[in-house]
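A.B. asks: Got a predicted structure plus its sequence, pasted below:
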Amino acid sequence: MSDPSLTTSVGPLPTAVTLASEANQSHNSLASIVARNAAFVLGAQVVLKILAFLFNVYVVRQLGAVHFGQYSVVIAYVTIFAVFTDLGMAHYSVREIAEEPKRTSLLLPNIIAIRLLLSLVIVLIVPLSAYWLGKSQGMVLGIFIASIGQLIYAFQGPLDSVLTARERLDYTALFQLVNQLLFWGLGVLLLVNGMGFIGLIIASLTGVAVVALLSGLVLFRRLGVGRLVLSAQRWPQILKAAFPFGVSSIAYAFMERFDTVLMSFVLTDAAVGWYNVPYTLINMVLLVAQSIAIAMYPSMVRGHKTDPGSLRTVTFQCIKYLLIICLPVAVGGTVLADRIITFLYTDEFASSIPVLRLVLWALPSLFLLELLGRVANTLHLERPVARVNVINTIITVLLNVVLVPTMGVMGAALALVSGRAIRLVQFWVLIGNERLVGERWQPLLRVALATGLMGTGVFFLREGNLFMAIGSGVVLYLVLLIALRAVERRELQQLAALMFRRTQRQTSLG
């Protein structure tokens, strides 16, 4: 993107045609960067999701409902406490470094130092609290090991934030793939040797440690971070600036994992496992939305700073494509839930079938919230966002407290869907409908119609071969999207042109 000062320093003032051309170039540049980042991230995610899906099935089958439930509780318990080691500094640093890369030298070392100190506190407090609450010896050991892992995340998290802020999601996607391959390979080895979920935790932390090392090497040897400035006097300023993000992160952690922790005290370990199988499945699907939102965020921040009008266009297009992805998964998954669960996890997890049918309907809210949260941060709405997140966390916790003891795992599923839908409404009101959709509802209604017709077709095919039903649903859905003009020819032409330009550029560079 050109420096505006260069257009007026020499020669006549730019004409309207020149300004329009530069504006178009600005939009094209933003779209190109978003496409590049999304391509790398989504490309890696395709591989990751296939492997993660297979690994998840293997883990659940190996551990069974009881031990998978215990593993889920350990992760959920540590996650709630781990958010206090970051306190919003990750989100804050991504935005600040995306706006001005020179801030890296100040933010990176100080955030690492702060997180290390906070992680030491977590290592002491979290295992002791689990022991005091009466958790089993194996679960306390798992919580202790996972807590130690926060010392590794104290390095990996800030390094990953810098790579994201500098829009090098090609590296983050590659490192994530390396992380997962190490986790899966070592995890299978340790599971085979009888280490259970403790082995999974050790394998996970090994992958994170390797990624932290690779991220550091790339930043300092290839991207030239420069001289780091460590100053404890800056810590209060950083913590204060990150505080609204921290409130949101803490609220989000409680909102995400309170249900599993509560069920570990109210229900059986097996029930926790029945609930977390569908929960894990939808989180795997949610990686798509997270990838798109992560790829867009730095470009949104930079683009909004130079051209505020670009945000509205990019946001609407992203909303439409997120719905195109998540709605057929929710509808098709609901129709085929019984076939999917028994095929993947055997009849031991039959109790997960109604849970899956319900939690799938949290996907539309979850997908859109991944985008809307970052749009709000781009608009510097982190303080009202923190307020919204705290209110929604209280609502979600209360829903779980009321519904889980009375309805069991279905109560937790209902609380999940209701809480996320309420949160979506809160964000929509906060950002404003005009900034998001305005009067452009017709394309979204076409997506919904295509989804409904696809679901009807899958319903009539549900008793046949599972893969045939899924494949037929995908083909039917794509045809309906084009036939109903939910995806217009112009959009397909733009996508094809973008890919063609990228191929030409790669060829010329080669």
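C.D. replies: Great, that's in hand. Numbering: from 1, shown residues only.

A.B. asks: quick one: least confident helix or strand in this protein?
C.D. replies: Sorting the helices and strands of the chain by mean pLDDT, DSSP states H and E puts helix 6-9 at the bottom, at a mean of 31.

A.B. asks: Convert stretch 275-283 to PDB, retaining C-alpha atoms only.
C.D. replies: Below are the C-alpha coordinates for stretch 275-283, written out as PDB (Å, rounded to 0.1, in the frame of the first residue of the first chain):
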ATOM      1  CA  TYR A 275     -20.500 -34.900  26.500                       C
ATOM      2  CA  ASN A 276     -17.000 -34.100  25.400                       C
ATOM      3  CA  VAL A 277     -17.000 -36.400  22.400                       C
ATOM      4  CA  PRO A 278     -19.500 -34.200  20.500                       C
ATOM      5  CA  TYR A 279     -17.900 -31.100  22.100                       C
ATOM      6  CA  THR A 280     -14.500 -32.100  20.600                       C
ATOM      7  CA  LEU A 281     -16.100 -32.800  17.200                       C
ATOM      8  CA  ILE A 282     -17.600 -29.300  16.900                       C
ATOM      9  CA  ASN A 283     -14.400 -27.700  18.100                       C
END
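
A.B. asks: And for the residue nearest the centre of the chain, nearest residue in space, chain neighbours not counted?
C.D. replies: By Cα atoms, centre = their mean, the chain has its centre lying nearest to residue 290, at 3.3 Å. Nearest non-adjacent residue to residue 290, counting by Cβ to Cβ, 6 or more residues apart in numbering: residue 370, 5.4 Å away. From N, CA and C alone the C-beta is placed, and that goes for glycine too.

A.B. asks: That neighbour is in contact with residue 288, isn't it?
C.D. replies: No - using Cβ atoms under 8 Å, residue 370 is not in contact with residue 288, being 9.2 Å away.

A.B. asks: hmm, back to that, can you pull the contacts of the residue nearest to residue 290?
C.D. replies: Counting by Cβ atoms under 8 Å, 6 or more residues apart in numbering, residue 370 touches 286, 289, 290, 292, 293, 322.

A.B. asks: at 10 Å what do you get?
C.D. replies: The neighbourhood of residue 370, defined by Cβ atoms under 10 Å, 6 or more residues apart in numbering, consists of 286-294, 296-297, 318, 322.

A.B. asks: what's the answer for residue 325, then?
C.D. replies: 285, 288, 289, 292, 363, 367, 447.

A.B. asks: For it, pull up the helix or strand it's in.
C.D. replies: Here residue 325 sits within helix 309-345, counting by DSSP states H and E.

A.B. asks: next one: residue 473
C.D. replies: helix 466-483.

A.B. asks: That helix - contacts with which helices or strands?
C.D. replies: In terms of contacts (3 or more Cβ pairs under 10 Å, 6 or more residues apart in numbering; DSSP states H and E), helix 466-483 is packed against helix 309-345, helix 442-461.

A.B. asks: Wait, residue 111 touches residue 162, no?
C.D. replies: Yes - between residue 111 and residue 162 a contact is recorded at 9.5 Å, counting by Cβ atoms under 10 Å.

A.B. asks: between the two, what contacts are shared?
C.D. replies: residue 93.

A.B. asks: Which residue of the two possesses the greater neighbour count?
C.D. replies: Neighbours per residue, other Cβ atoms under 10 Å: of residue 111 and residue 162, the larger number sits with residue 111, 27 against 24.

A.B. asks: confidence score at the residue nearest to the centre of the chain?
C.D. replies: In this model, residue 290 is scored at 78, pLDDT.

A.B. asks: before we move on, what about residue 35?
C.D. replies: 50.

A.B. asks: Repeat that for residue 60.
C.D. replies: At residue 60, pLDDT is 85.

A.B. asks: could you list every residue that touches it?
C.D. replies: 67-68, 71, 273, 276-277, 280, 344-346, 348-349, 352.

A.B. asks: any idea whether it is helix, strand or coil?
C.D. replies: Classification of residue 60 using DSSP: H, G, I helix; E, B strand; the rest coil returns helix.

A.B. asks: Please tell me how far it sits from residue 50.
C.D. replies: According to Cβ to Cβ, to the nearest Å, residue 60 and residue 50 sit 16 Å apart.

A.B. asks: cool, and residue 219?
C.D. replies: To residue 50, residue 219 is 29 Å away according to Cβ to Cβ.

A.B. asks: Same check on residue 84?
C.D. replies: Counting by Cβ to Cβ - residue 84 and residue 50 are separated by 34 Å.

A.B. asks: which residues of the stretch 101-250 of the chain score low on pLDDT?
C.D. replies: 226 (pLDDT under 70).

A.B. asks: just to revisit the earlier point, name the element the residue nearest to residue 290 belongs to?
C.D. replies: Per DSSP H and E: helix 363-378 holds residue 370.

A.B. asks: if we can go back for a sec, settle it for me: which of residue 219 and residue 50 has more neighbours?
C.D. replies: residue 219 (21 against 10).

A.B. asks: so what's the closest residue to residue 267 other than its chain neighbours up against?
C.D. replies: Leaving aside its chain neighbours, residue 267 sits nearest to residue 408 (6.1 Å; criterion: Cβ to Cβ, 6+ apart). Residue 408 makes contacts with 263, 266, 267, 268, 271, 274, 275, 351, 355, as judged by Cβ under 10 Å, 6+ apart.

A.B. asks: Which strand or helix spans the last one?
C.D. replies: Put plainly, it is residue 355. helix 352-359.

A.B. asks: coming back round to it: could you check how far the helix holding residue 370 is from the centre of its chain?
C.D. replies: Computed by Cα atoms, centre = their mean, to the nearest Å, the chain-centroid distance of helix 363-378 equals 10 Å.

A.B. asks: same deal with stretch 265-272?
C.D. replies: Between the centre of stretch 265-272 and the centre of its chain there are 27 Å (Cα atoms, centre = their mean).

A.B. asks: in what helix or strand does the closest residue in space to residue 165 that isn't next to it in sequence lie?
C.D. replies: Spatial nearest neighbour of residue 165, chain neighbours left out: residue 97 (3.5 Å); criterion: Cβ to Cβ, 6+ apart. Taking DSSP H and E as the criterion, residue 97 maps to helix 89-99.

A.B. asks: For that helix, could you pull out the residues that count as buried?
C.D. replies: Using 16 or more other Cβ atoms under 10 Å as the test for burial, helix 89-99 gives 89, 90, 91, 92, 93, 94, 95, 96, 97, 98.
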